[in-house]
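Asker: Sharing a model prediction with you, sequence too.
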Amino acid sequence: MSMYGRDPWGGPLEINAADSATDDDRSRNLQDLDRAALSRPLDETQQSWLLGPSEQKKKKKYVDLGCIIVSRKIFVWTVGTLVVSAVLAGLITLIVKTVPRHHHGKPPPDNYTLALHKALMFFNAQRSGKLPKHNNVSWRGNSCLRDGKSDPGTTMKDLVGGYYDAGDAIKFNFPASFAMTMLSWSVVEYSAKYEAAGELNHVKEIIKWGTDYLLKTFNNSADTIDNIAAQVGVGDTSGGSTTPNDHYCWMRPEDIDYPRPVYECHSCSDLAAEMAAALAAASIVFKDNKAYSQKLVHGARTVFQFARDQRGRYSAGGSDPALFYNSSSYWDEFVWGGAWLYYATGNSSYLQLATHPKLAKHAGAFWGGPDYGVLSWDNKLAGAQVLLSRLRLFLSPGYPYEEILRTFHNQTSIVMCSFLPVFTSFNRTKGGLIQLNHGRPQPLQYVVNAAFLAALYSDYLDAADTPGWYCGPNFYSTDVLREFAKTQMDYILGKNPRKMSFVVGFGNHYPKHVHHRGASIPKNKIRYNCKGGWKWRDSKKPNPNTLVGAMVAGPDKHDGFHDVRTNYNYTEPTLAGNAGLVAALVALSGDKSTGIDKNTIFSAVPPMFPTPPPPPAPWKP
């Protein structure tokens with residue numbers, strides 16, 4: 001074998017000995033070749049290549065343009081300047097045409113975003129107490145500034161503030177707390193969408209107005225309490241009572257002069273646990289305001305402890321709240337409040353309570369029933385199950401919580417299946433509205449809550465890289481859930497047989513006779529007394545003030561709707577209904593790719609598993 005290696009491309013790597021010509025010989029040979037080439041006659045072009053610039057004729061100093069002879073230098077400068085100017089002008093035109101103008105940059109806002117701006121305004125119109133300067137509802141003013149003081153029997157003397165519940169001037173803590181919990185939940189999940197819509201500060205201000213008031217209804221600086229102010233104002237007109245109150249009288253809240261009793265409760269687990277949920281959820285919304293967030297957490301712990309120590313329903317025994325917001329049980333609020341307190345504090349004792357099998361059983365987590373899966377101001381079970389499924393999807397805490405979390409997750413899947421048109425758990429109207437309350441009046445408050453849960457759960461699955469879920473043997477994509485939410489919200493915003501929007505001020509055709517005292521009486525410096533306002537209640541004319549953003553109670557089971565002020569089953573809006581509306585609208589608004597905020601809700605939750613030990617130090621010989 002040759003001692004020389006081989007060239008990988010095939011030839012030997014050694015220098016070829018046969019070619020012994022020296023460099024000088026080679027260069028001589030080349031010169032001979034050149035001479036041979038030059039012996040042929042060359043054309044003009046070839047000569048110009050070979051001779052090079054030195055032998056070219058000198059450039060002319062002038063250019064003959066036919067009619068005029070100009071200096072070559074001036075000509076070149078002129079033409080050059082014109083060419084450069086033309087190129088620059090072209091470039092500028094191109095930039096102006098292609099760069100988007102600022103006001104055309106964004107696509108027009110979608111209907112859900114447009115409706116969101118309006119839906120939030122409803123809360124400004126419902127404010128009680130001394131209004132902020134920028135409240136933006138021209139026909140509202142300060143009202144009920146003696147709440148608490150005017151009732152000698154109450155221990156809470158300052159109950160100014162908060163929100164009126166609906167078309168009356170009663171402050172019901174139970175549905176108002178639920179409304180604040182729902183708004184806070186929507187902000188925790190979708191703060192980026194609120195930000196994009198320019199409404200983040202507004203919605204936080206709305207929540208704070210509610211939580212500031214809730215903190216006044218009990219001794220929020222104490223660790224243990226024995227009572228809560230559950231309601232301000234009464235509405236019982238049964239038995240033909242003519243005592244002036246918030247239902248018998250038809251007055252602007254600004255003009256109220258009759259006494260407003262305070263209803264206190266000493267065993268009200270449902271109300272206290274719902275208040276705990278509201279304060280705990282809001283503490284996550286305000287986590288950047290440390291002092292306020294801690295105040296909310298402390299208040300939440302206190303009322304939750306009270307809920308557990310003093311068992312009972314706040315609306316027991318035919319009390320005034322039982323007539324309007326009768327709570328069916330407090331077990332669902334225990335699961336719901338426990339889940340929110342766990343997220344707000346990271347204290348696992350709350351998670352142990354929220355996932356206790358006995359509690360889940362009492363709350364009805366393992367059986368159906370006609371209203372199973374319907375989230376409302378009375379029953380939070382469906383919401384609590386979605387909230388705890390979130391924990392399993394993203395943190396998966398394992399033993400000892402896994403079994404019950406898996407059950408909640410499965411139940412959530414079943415609830416989501418029940419929303420789909422292929423299943424017959426709930427009827428639909430001919431126009432397509434799901435009948436979550438089985439044809440009873442005031443359906444929309446339940447529909448918006450379901451739309452929110454469906455859109456939110458579909459975003460959870462997307463964020464967990466899960467394309468869908470099973471209903472029995474069939475697999476459904478997350479898009480199906482979003483589609484359900486959209487069809488229901490589109491119905492509410494006007495895509496229905498009556499071509500009518502059920503949100504006041506949205507679209508061209510919406511209810512004009514909303515059952516609402518403040519909106520139906522003109523602000524004309526005339527003070528109408530208790531019965532004096534009845535003429536406005538019974539008037540056939542549209543309301544003089546537009547209650548922007550109010551979602552009315554809704555149509556009947558035949559898609560029928562009567563725009564009459566005296567029938568509250570059609571035309572009365574509520575705080576709890578509008579909170580669900582806002583939550584559903586923000587979940588569907590803007591760009592789907594924005595999705596949920598995966599981590600903020602877990603900011604107080606410690607790591608589920610101990611951190612692994614550090615790696616060993618590098619080995620040294």
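Answerer: Alright, I've got the coordinates.
Asker: Name the next helix or strand following the longest helix anywhere in the chain along the chain.
Answerer: With secondary structure taken from DSSP state H, the chain has its longest helix at helix 72-98. For helix 72-98, the following helix or strand on the C-terminal side (DSSP states H and E) is helix 111-125.
Asker: After that next one, which helix or strand is next?
Answerer: Past helix 111-125, the next helix or strand by DSSP H and E is strand 171-172.
Asker: other SSEs contacting that next one?
Answerer: strand 228-232 (3 or more CB pairs under 8 Å, 6 or more residues apart in numbering; DSSP states H and E). (C-beta placed from N, C-alpha, C; glycine too.)
Asker: which residues sit against the strand it packs on?
Answerer: Applying CB atoms under 8 Å, 6 or more residues apart in numbering, the contact partners of strand 228-232 are 144, 147-148, 154, 156, 159, 162, 170-174, 216-218, 260-265, 268, 271-272, 275, 303, 306, 314, 320-321.
Asker: And those, which of them are buried?
Answerer: 144, 147-148, 154, 156, 159, 162, 170-174, 216-218, 260, 262-265, 268, 271-272, 275, 303, 306, 314, 320-321 (16 or more other CB atoms under 10 Å).
Asker: And stretch 585-601, what's buried?
Answerer: Under 16+ other CB under 10 Å, the buried positions of stretch 585-601 are 585-590, 595-597, 600-601.
Asker: That stretch: how far from the chain's middle?
Answerer: 6 Å (CA atoms, centre = their mean, to the nearest Å).
Asker: May I have it exported as CSV, CA atoms only?
Answerer: Output of stretch 585-601 as CSV, limited to C-alpha atoms (Å, rounded to 0.1, in the frame of the first residue of the first chain):
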residue,chain,number,x,y,z
LEU,A,585,-68.7,39.6,27.7
VAL,A,586,-65.0,40.0,28.8
ALA,A,587,-64.4,36.2,28.3
LEU,A,588,-65.6,36.4,24.7
SER,A,589,-64.2,39.9,23.9
GLY,A,590,-61.1,40.7,21.9
ASP,A,591,-58.6,38.2,20.6
LYS,A,592,-59.2,34.6,21.5
SER,A,593,-55.4,34.0,21.6
THR,A,594,-55.2,36.3,24.6
GLY,A,595,-56.8,33.6,26.8
ILE,A,596,-56.7,33.4,30.5
ASP,A,597,-54.0,34.6,33.0
LYS,A,598,-52.7,31.2,34.1
ASN,A,599,-50.8,32.2,37.2
THR,A,600,-52.1,35.2,39.0
ILE,A,601,-54.8,33.2,40.8
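Asker: Walk me through the domains of this structure.
Answerer: 68-93, 111-602 (the TED database).
Asker: Span of the last one from start to end?
Answerer: Pointing back at domain 111-602 there. 31 Å (CA to CA, to the nearest Å).
Asker: same thing with stretch 147-161?
Answerer: Using CA to CA, the two ends of stretch 147-161 sit 8 Å apart.
Asker: got the contact list for it?
Answerer: Counting by CB under 8 Å, 6+ apart, 127-130, 144-146, 171, 209, 212-213, 216-218, 227, 229, 232, 259-262, 264 sit against stretch 147-161.
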